Each structure stands twice: as structure tokens, then as C-alpha cells.
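# no sequence for this one, just the structure:
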């Protein structure tokens, strides 16, 4: 599922996702808890707090087996825009499509955080 992506970019994005995740603050953890996402789930999805040009936003990495292909950044304080994307858009959690092959079922949610809690 990472065909066509530069391996060095995938690794760089993975390092960034790990850095963002390590930077989770109690405030961000509280926000996530309010959305039904505990620390364990935040860790599985490598959710984190940005420390760069998207300072203070929630980093939502798009994870694939070969690495992180993309990020979406969500405002935590109500500032606009609510979401800021990095680069070309991608579908979130396409691994669910593989699971659908074995179960015959798939759920569709509006946003990434909705997907995580569904």
C-alpha cells in the first residue's frame, strides 16, 4: 500500500510521527479522551502534538505498513482552518479495506478521529 512513495520520505514522516507522538501533552490527551480516544489508542494511531509550523495542532498521521505517507493537522483551540493538510490528499485507514475483504463489512466515517473511535 506504499507503492509509488519515496522510501526516504516514508521514513522521514515516520520519524516525524514518532516525534509528534512523544510530544503529547496532558491538554491534548484530555482533548482526545473527550473524543473517546485513550492513551493506548492514541499510541496505536501515533496521534501527537505538532512542534513545528503547525505548532499546537493535533497531528494525525496516515499510517501504512511501509511508513507514514501523509499528515492532517487539526486545530485544538477552535482556530481556523479546522484542518490543515500536508500535500496531496489520501484516504485514511485504507488497511480497513483489507479487513473488509475477509469480513465482507466496512464502516465509513466522516473524519479521521471518527474513524478511530468507530
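Good, I have the coordinates. Computed from a predicted model, the values in this text were never measured in an experiment.

# right, and the helix or strand after the worst-scoring helix or strand of the chain on mean pLDDT?
Sorted by mean pLDDT, DSSP states H and E, the helices and strands of the chain end with helix 95-103, the least confident at a mean of 69. Sequence-wise, the next helix or strand downstream of helix 95-103 (DSSP states H and E) is helix 112-117.

# how far does that next one sit from the chain's center?
9 Å (C-alpha atoms, centre = their mean, to the nearest Å).

# any idea how far residue 21 is from the residue with the largest distance to the centre of the chain?
Distance from the C-alpha centroid of the chain, by C-alpha atoms, centre = their mean, peaks at residue 104 (24.9 Å). To residue 21, residue 104 is 33 Å away according to C-beta to C-beta, to the nearest Å. No exception for glycine: its C-beta is placed from N, CA and C like everyone else's.

# Over to the most centrally placed residue in the chain: give its phi and psi.
Nearest to the mean C-alpha position of the chain, by C-alpha atoms, centre = their mean, lies residue 60 at 2.4 Å. Main-chain dihedrals, residue 60, degrees, to the nearest 10: phi -120, psi 100.

# Which elements pack onto the helix of greatest length in the chain?
Ranked by number of residues, the top helix in the chain under DSSP state H is helix 7-22. Secondary-structure packing of helix 7-22 (3 or more C-beta pairs under 8 Å, 6 or more residues apart in numbering; DSSP states H and E): strand 48-49, strand 58-64, strand 67-74.

# Show me which parts of the helix or strand following that helix are buried, residue by residue.
Using DSSP H and E, the next helix or strand after helix 7-22 towards the C-terminus is helix 26-34. By neighbour count on 16 or more other C-beta atoms under 10 Å, the buried set for helix 26-34 is 28, 29, 31, 32.

# Report the contact partners of the last one.
This points to residue 32. Contacts here follow C-beta atoms under 8 Å, 6 or more residues apart in numbering; on that basis residue 32 touches 38, 42, 47, 58.
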